[in-house]
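Asks: sharing a model that was predicted from the sequence below.
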Amino acid sequence: MTLRIGTRRSTLATTQSGHVAAALTEKLGVPTTLVEITTDGDRSQAAGTSLVGAPSTGVFVSALRDALLAGEVDVAVHSLKDLPTYPTEGITLAAIPPREDPRDVIVARDGLTLGELPPGSKVGTGSPRRVAQIEALGLGVELLGLRGNVDTRIGRVREGVLDAVVLARAGLARLGRLDDVTEVLDPLQVLPAPGQGALAVECRSDDTATLAALAVLDDPATRAAIHAERTVMAVLEGGCAAPIGALADLAEGDDGPELWLRAVVLTADGGLSVRRSAAAPLGADPAGWPAAGTALGEALAAEMLADGAAELLATPESTSHPSARSAEVHNA
Ligand SMILES: NCc1[nH]cc(CCC(=O)O)c1CC(=O)O
């Protein structure tokens, strides 16, 4: 059998899918083939149409899932942070491979870090989460909306249009572009998006052969972390565009493995935030880790709600940066 792997057409997407294909061939010895699927999101970008009111994250995901359900491909690979938190009928998240470094990075002119940028510097990002957290640092930089693929975004700095851009380190790592990074942001200051740096490998729920085969790619530690992070987002009812950051990590405690979780919720302008952390033992059996991750996420989210997180998220967007918000698009 040849496994047909559906992928978006961007360089980042085909690179990610290529990694999954190579891992499957290496671990199982099965031949694979990449099938490129054009999404509505890709089309609206290609056409240069306005992103105001643009389709949300979902469109980049749903075209791949449609191809999966139609039997055109056997496997779909997504950036996990682009997946909605609710499940989809007929589709199973078969594997979450080991995650890349999940942190955000700065690519700035002249090798500068965020703190070295003079006040008034132009910093590009389309993500409300990044806008809010950078605003909260009080650096006096100007946050501007940004769209396009990784090359285009870094190009804005090379062209001198922007002084810096904020990106996920994982995307640059997969594209071999880490040399462009001028600072890796400390999660104490900027927490990544839930699921950032991880891949999602999906197949049809009734395709038991593929489901079993894909299990070799799954990393229980990454899965536990992702469950914790995404549960925080789901409970707080933040979509992909909400200013919510979360990061979980496995640590070796005195009594075995533990999961550590940190999360932040901010107003759009970063003026107010709720930032909390929690930890829990995972137990010796990795089969129980995803449930432990979910429980930890639920506990932390409940604590954050008690501290007013929902009120922060409901703060009107008029205080935010319209350019940045309108450019929110998930176009890795
Ligand atoms: N928002 C789009 C997106 N989706 C996944 C990645 C990068 C790879 C990853 O986080 O797994 C990116 C680009 C970015 O945020 O810089």
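Replies: Now that the structure is in, tell me what you want to look at.
Asks: mind listing what residue 194 touches?
Replies: Neighbour list for residue 194: 81, 226, 229-230, 232-233, 244-246 [criterion: C-beta atoms under 8 Å, 6 or more residues apart in numbering]. Glycine gets a C-beta too; all of them are placed from N, C-alpha and C.
Asks: buried stuff in stretch 169-187?
Replies: Judged by neighbour count using 16 or more other C-beta atoms under 10 Å, the buried positions of stretch 169-187 are 169-172, 174-175, 177, 180-183, 185, 187.
Asks: and what of stretch 118-130?
Replies: Applying a neighbour-count criterion of 16+ other C-beta under 10 Å, the buried positions in stretch 118-130 are 121-130.
Asks: same deal with stretch 212-220?
Replies: The neighbour-count check on stretch 212-220 (16+ other C-beta under 10 Å) flags 213-214, 217-220 as buried.
Asks: span of it from start to end?
Replies: Using C-alpha to C-alpha, to the nearest Å, one end of stretch 212-220 lies 15 Å from the other.
Asks: ditto for stretch 141-158
Replies: 18 Å.
Asks: before we move on, what about stretch 281-292?
Replies: Counting by C-alpha to C-alpha, you get 8 Å between the two ends of stretch 281-292.
Asks: likewise stretch 135-151?
Replies: Start-to-end span of stretch 135-151 (C-alpha to C-alpha) is 25 Å.
Asks: could you do stretch 96-105 as well?
Replies: Stretch 96-105 has an end-to-end distance of 23 Å (criterion: C-alpha to C-alpha).
Asks: on that earlier part again, the buried residues of stretch 169-187 in helices, which ones?
Replies: Applying DSSP state H to the buried residues of stretch 169-187, the entries found in helices are 169-172, 174-175.
Asks: ok, and which of the residues you listed reach the ligand?
Replies: Of the residues in these, proximity to the ligand by C-beta under 6 Å from any ligand atom holds for 170-171.
Asks: still on that earlier bit, of the buried residues of stretch 212-220, which is the nearest to the ligand?
Replies: Among the buried residues of stretch 212-220, residue 219 lies closest to the ligand (C-beta to the nearest ligand atom), at 14.2 Å.
Asks: the closest one touches residue 100, doesn't it?
Replies: No: look at residue 219 against residue 100 with C-beta atoms under 8 Å: they stay out of range, at 11.5 Å.
Asks: re the thing from before, so which of the buried residues of stretch 118-130 is the closest to the ligand?
Replies: The nearest member of the buried residues of stretch 118-130 to the ligand, counting by C-beta to the nearest ligand atom, is residue 127 at 6.7 Å.
Asks: which phi and psi values does the closest one adopt?
Replies: Phi and psi for residue 127, reported as degrees, to the nearest 10, are phi -100, psi 120.
Asks: just use 40 as the starting number from now, easier for me
Replies: Sure, I'll start numbering at 40, so the last one becomes residue 166.
Asks: that one and residue 319: what is the separation?
Replies: Residue 166 is 29 Å from residue 319, where distance means C-beta to C-beta, to the nearest Å.
Asks: likewise for residue 145?
Replies: Taken as C-beta to C-beta, the span from residue 145 to residue 319 is 32 Å.
Asks: higher neighbour count, those two?
Replies: Of the pair residue 145 and residue 319, residue 145 is the one with more neighbours under other C-beta atoms under 10 Å, namely 26 against 19.
Asks: burial measure for the closest residue to residue 224 other than its chain neighbours, as a count.
Replies: Distances taken as C-beta to C-beta, 6 or more residues apart in numbering place residue 143 nearest to residue 224, at 4.6 Å, with adjacent residues excluded. By the criterion of other C-beta under 10 Å, residue 143 has 28 neighbours.
Asks: got the contact list for residue 143?
Replies: Shown in contact with residue 143 (C-beta under 8 Å, 6+ apart): 169, 205-208, 223-224, 229, 231, 235.
Asks: same list, those, but as TSV with distance to residue 307 please.
Replies: Formatted as TSV, these follow (distance: C-beta to C-beta, whole Å):
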residue	distance to residue 307
169	12
205	16
206	20
207	20
208	24
223	25
224	19
229	16
231	18
235	20
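Asks: those residues: which two are farthest apart?
Replies: Taking C-beta to C-beta as the measure, those span a maximum distance of 14.0 Å, between 169 and 223.
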